[in-house]
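Novice: Any chance you can model this:
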Amino acid sequence: MEFELHSGFIELDNLLKAAKLVSSGAEAKQQIQAGLVKVNGQVESRVRRKLRLGDLVEFGGNLIKMMGKDD
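Specialist: Numbering: from 1, shown residues only. From the prediction side, this is the model:
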């Protein structure tokens with residue numbers, strides 16, 4: 001799956017909500033803090049981790065690539 005960034009970054013919890021992989025911010029926070037989310041192959045526990053172009057997020061069997069408008 002690809003996610004188009006409309007600004008320089010998106011925070012990890014907001015990405016999970018925007019991609020409809022969780023139903024709320026609280027659920028996103030729980031999943032991240034439980035160690036169920038990876039960014040660029042590493043488990044990420046920072047809820048507000050800023051994701052930028054080229055970052056890869058893995059969660060629940062989904063792989064999400066951060067893309068720009070022109071990619």
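Novice: pull the CA atoms of stretch 36-43 into CSV?
Specialist: Listed next in CSV are the C-alpha coordinates belonging to stretch 36-43 (Å, rounded to 0.1, in the frame of the first residue of the first chain):
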residue,chain,number,x,y,z
LEU,A,36,3.3,-4.3,16.9
VAL,A,37,4.4,-1.5,14.4
LYS,A,38,7.7,-1.4,12.6
VAL,A,39,9.3,1.5,10.8
ASN,A,40,12.0,0.7,8.3
GLY,A,41,12.3,-2.8,9.7
GLN,A,42,12.7,-1.7,13.3
VAL,A,43,10.0,-1.9,16.1
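Novice: what pairs with the biggest strand by length in the chain, and is each one parallel or antiparallel?
Specialist: Criterion DSSP state E: the longest strand present in the chain is strand 62-67. Strands flanking strand 62-67 in the sheet, each with its direction: strand 2-4 (parallel), strand 56-59 (antiparallel) (DSSP bridges).
Novice: Just say which of the ones you listed is most tucked in.
Specialist: With neighbours defined as mean count of other CB atoms under 10 Å, those peak in mean count at strand 56-59, which reaches a mean of 19. C-beta coordinates here come from the backbone N, C-alpha and C atoms, glycine included.
Novice: Just the mean pLDDT for it, thanks.
Specialist: Taken as a whole, strand 56-59 carries a mean pLDDT of 98.
Novice: what does stretch 41-53 give?
Specialist: Computed over stretch 41-53, the mean pLDDT rounds to 97.
Novice: just stretch 6-26 next, same as before
Specialist: In this model, stretch 6-26 carries a mean pLDDT of 95.
Novice: all strands of the protein, in order?
Specialist: Listed in chain order (using DSSP E), the strands of the chain are 2-4, 10-11, 37-39, 42-43, 50-51, 56-59, 62-67.
Novice: want to try a markdown table for those strands, with distance to residue 27 as columns?
Specialist: What follows is the strands of the chain, written out as a markdown table (distance: least, CB to CB, whole Å):
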| stretch | distance to residue 27 |
| --- | --- |
| strand 2-4 | 18 |
| strand 10-11 | 15 |
| strand 37-39 | 12 |
| strand 42-43 | 18 |
| strand 50-51 | 18 |
| strand 56-59 | 11 |
| strand 62-67 | 15 |
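Novice: Since that was my last question, I'll sign off now.
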